[in-house]
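**Student:** model the structure of this input:
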Amino acid sequence: MGSAICGVVLATTPAWSQSFTDRFKGLFGGSSDPAPTISNGPATDTDLTCPAVSIRSGAATYAVGLPGKEASGNDLRYQVVIGRTARECNLNGGMITAHIGIQGRVIAGPAGAPENVDVPIRVAVVQDGVSPKTVFTKAYRTNVAMGGSGNVPFSLVTEDVVYPAPPADVNDAYVFYIGFDPQALKGEPKARKK
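**Tutor:** Here you go, the predicted structure:
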């Protein structure tokens with residue numbers, strides 16, 4: 001088992017043996033203490049921290065209108081917002097596995113939401129700077145049953161964000177970017193045949 005480099009420390013139970021619910025509660029039920037650092041042994045100058053989660057500018061809300069109409073006013077079917085985020089990182093063999101938790105709400109608009117809403121979210125690991133470098137990116141979809149309610153919570157915890165551990169000199173430049181990505185509902189583009 002690798003070393004945890006951030007997030008909620010669940011020292012008594014290995015991560016692989018915890019239930020999904022326990023892990024989610026662990027991600028969102030943590031204290032407000034700063035994220036711990038860890039290395040693969042005694043403290044050195046290569047200690048790493050788990051990147052912060054940041055909502056990508058312009059991707060904090062996702063609004064859907066009636067077909068062919070702008071998602072505003074009486075034409076708004078529903079709007080999705082992100083409320084809370086959390087993260088946990090584990091270092092093992094030079095690779096970091098991150099679990100990113102996202103909680104939010106789907107709110108029905110005046111035009112009425114459908115019974116089920118697909119929520120498209122993109123998660124990216126980026127080395128920020130003058131020329132940002134995307135290290136990892138993946139689109140996720142979660143389905144929310146509205147059940148006649150006009151305000152329903154949703155949650156998502158990623159299990160497969162894996163990337164090489166950064167060098168110590170750029171560790172602080174890494175960030176987890178999240179945001180709504182409507183293109184994810186259309187699926188990944190198919191590769192063209194040669």
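
**Student:** the protein: helices as residue ranges?
**Tutor:** Secondary structure of the chain, counting by DSSP state H: helices at 20-28.

**Student:** any low-confidence regions in it?
**Tutor:** 1-47, 187-194 (pLDDT under 70).

**Student:** show me the longest strand that occurs in it.
**Tutor:** Assignment by DSSP state E gives strand 76-92 as the longest strand of the chain.

**Student:** ok, it: who's next to it in the sheet?
**Tutor:** strand 3-6 (antiparallel), strand 61-65 (antiparallel), strand 95-108 (antiparallel) (DSSP bridges).

**Student:** who's in contact with P182?
**Tutor:** By Cβ atoms under 8 Å, 6 or more residues apart in numbering, P182 lies in contact with Y62, P120. C-beta: built from backbone N, CA, C; applies to glycine.

**Student:** contact partners for the residue lying closest to G129 once chain neighbours are set aside?
**Tutor:** Spatial nearest neighbour of G129, excluding adjacent residues (Cβ to Cβ, 6 or more residues apart in numbering): A173 at 5.5 Å. Going by Cβ under 8 Å, 6+ apart, A173 touches Q127, D128, G129, P166.

**Student:** just the buried residues from these, in ChimeraX please.
**Tutor:** Buried subset of the contacts of A173, written as a ChimeraX selection, criterion 16 or more other Cβ atoms under 10 Å:
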select :127,166
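
**Student:** pick out whichever of the contacts of A173 sits closest to F180.
**Tutor:** Nearest to F180 out of the contacts of A173 is D128 (Cβ to Cβ; 20.1 Å).

**Student:** enumerate every residue touching the most centrally placed residue in the chain.
**Tutor:** Centroid check for the chain by Cα atoms, centre = their mean gives I100 as the closest residue, at 4.4 Å. Contact analysis of I100 by Cβ under 8 Å, 6+ apart lists V53, T85, A86, R87, V123, V157, T158, V161, F176, I178.

**Student:** would you reformat those residues as TSV and include distance to N151?
**Tutor:** TSV is the format used below for these (distance: Cβ to Cβ, whole Å):
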residue	distance to N151
V53	23
T85	20
A86	22
R87	26
V123	24
V157	22
T158	25
V161	29
F176	27
I178	21
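
**Student:** in strands only, show me those residues.
**Tutor:** Using DSSP E, these in strands are V53, T85, A86, R87, V123, V157, V161, F176, I178.

**Student:** cheers, nothing more for now.
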